[in-house]
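*Asks:* Got a sequence here, can you build the structure:
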Amino acid sequence: MNEISEYVARVAERFHSELGSSLVEVYKLGSLAHGGFSAIYSDIDVGLLLNCQEPPSDFAALVIQAKSLHPELGKKLSVFWGNPAFSWGRLPIIDRLDLLDHGIPIMGDHKADFPRPMRVEVHQALRESIEKSWQPRIPELQALTRLEAKDRKPYVRAILYAARLIFTWDKLRVDSNDRAVEYLHQVRPPGLDIESIERALACRRGQCTVEDVFALRADLNRQVQSALSYISKRT
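*Replies:* Predicted coordinates:
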């Protein structure tokens with residue numbers, strides 16, 4: 001983790017040197033902030049709050065520069081950014097929740113402070129995530145007869161997503177995969193295969209391999225339908 005922390009600090013310094021006073025703060029997000037970081041399965045999530053009238057015209061180039069600061073870790077870097085009003089940039093609602101609750105300032109001690117997304121906004125964002133990100137991958141992953149290297153990360157994420165979805169739908173906040181799976185044991189959504197989710201979590205922790213997860217041959221279509229059935233009754 002020391003190498004990752006050093007890299008993230010260099011990323012923050014680069015953005016600060018390029019953006020100057022328009023940069024309010026740089027934050028650690030995701031599993032770097034709320035826990036459960038996996039060297040294999042996690043992204044390196046960084047959030048930027050900016051205080052300027054318009055988005056920087058060369059921001060895409062700045063992200064490329066930040067990625068280039070490390071040949072391997074740069075491939076994992078995911079940058080979320082925007083102004084406090086979120087009228088531009090890339091800081092989706094679910095990531096705003098993460099920033100509010102868990103964002104760790106890198107440059108100073110500026111805690112994120114902006115209006116919390118409303119329940120209806122969070123639920124709509126989750127529905128869009130299901131439709132655009134989760135469901136479209138399911139047929140391909142379900143059809144796999146063996147896992148290739150490129151399939152491992154998407155497969156584990158697809159299984160764990162049900163836990164994260166249900167946790168955030170009910171709690172209106174974001175937390176670690178560990179916390180989300182723990183919550184599943186409290187609510188026990190009917191039809192949801194919790195064993196495969198637990199094994200995917202163990203895989204993230206390095207306690208088993210992704211092949212051990214795949215060996216359960218989870219019915220991903222059923223997982224989706226069970227999760228959808230659950231949240232439809234919790235609106």
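*Asks:* Distance of the closest residue to Asn83 other than its chain neighbours relative to Ala33?
*Replies:* Once its chain neighbours are removed from consideration, Asn83 has its nearest residue in Leu50; the separation is 5.4 Å (Cβ to Cβ, 6 or more residues apart in numbering). C-beta here means a position set from N, CA and C on the backbone, and glycine is covered the same way. Using Cβ to Cβ, to the nearest Å, one obtains 19 Å as the distance from Leu50 to Ala33.
*Asks:* now the strands for the protein?
*Replies:* Counting by DSSP state E, the chain forms strands over residues 23-28, 44-50, 77-82, 89-90, 104-105, given from the N-terminal end onward.
*Asks:* what are the pairing partners of the last one, and which direction each?
*Replies:* Using DSSP bridges, the strands paired with strand 104-105 are strand 23-28 (antiparallel).
*Asks:* Retrieve the pLDDT associated with Ser31.
*Replies:* On pLDDT, Ser31 comes in at 95.
*Asks:* can you tell me which residues contact the nearest residue to Leu49 once chain neighbours are set aside?
*Replies:* Closest residue to Leu49 apart from its sequence neighbours, by Cβ to Cβ, 6+ apart: Val24 at 4.2 Å. Applying Cβ atoms under 8 Å, 6 or more residues apart in numbering, we find Val24 in contact with Leu49, Leu50, Asn51, Pro84, His110.
*Asks:* Equivalent analysis for Leu184, please.
*Replies:* Ala162, Ala163, Ile166, Phe167, Leu192, Ile194, Ile197.
*Asks:* same thing but 6 Å
*Replies:* Leu184 is in contact with Ala163, Ile194, counting by Cβ atoms under 6 Å, 6 or more residues apart in numbering.
*Asks:* confidence score at it?
*Replies:* According to the per-residue confidence, Leu184 scores 97 in pLDDT.
*Asks:* Got the domain ranges for the chain?
*Replies:* Here the chain is described, according to automatic domain parsing, as comprising the domains 2-105, 119-232.
*Asks:* Count the neighbours of Asp205 for me.
*Replies:* Asp isn't right for residue 205; it's Arg. 13 (other Cβ atoms under 10 Å).
*Asks:* Distance check, it against Gly74.
*Replies:* Counting by Cβ to Cβ, the gap from Arg205 to Gly74 is 25 Å.
*Asks:* again with Glu18
*Replies:* Between Glu18 and Gly74 the distance, using Cβ to Cβ, works out to 16 Å.
*Asks:* got a list of what the most centrally placed residue in the chain touches?
*Replies:* Nearest residue to the geometric centre of the chain (Cα atoms, centre = their mean): Gly30, 5.4 Å. Taking Cβ under 6 Å, 6+ apart as the criterion, Gly30 is in contact with Asp45.
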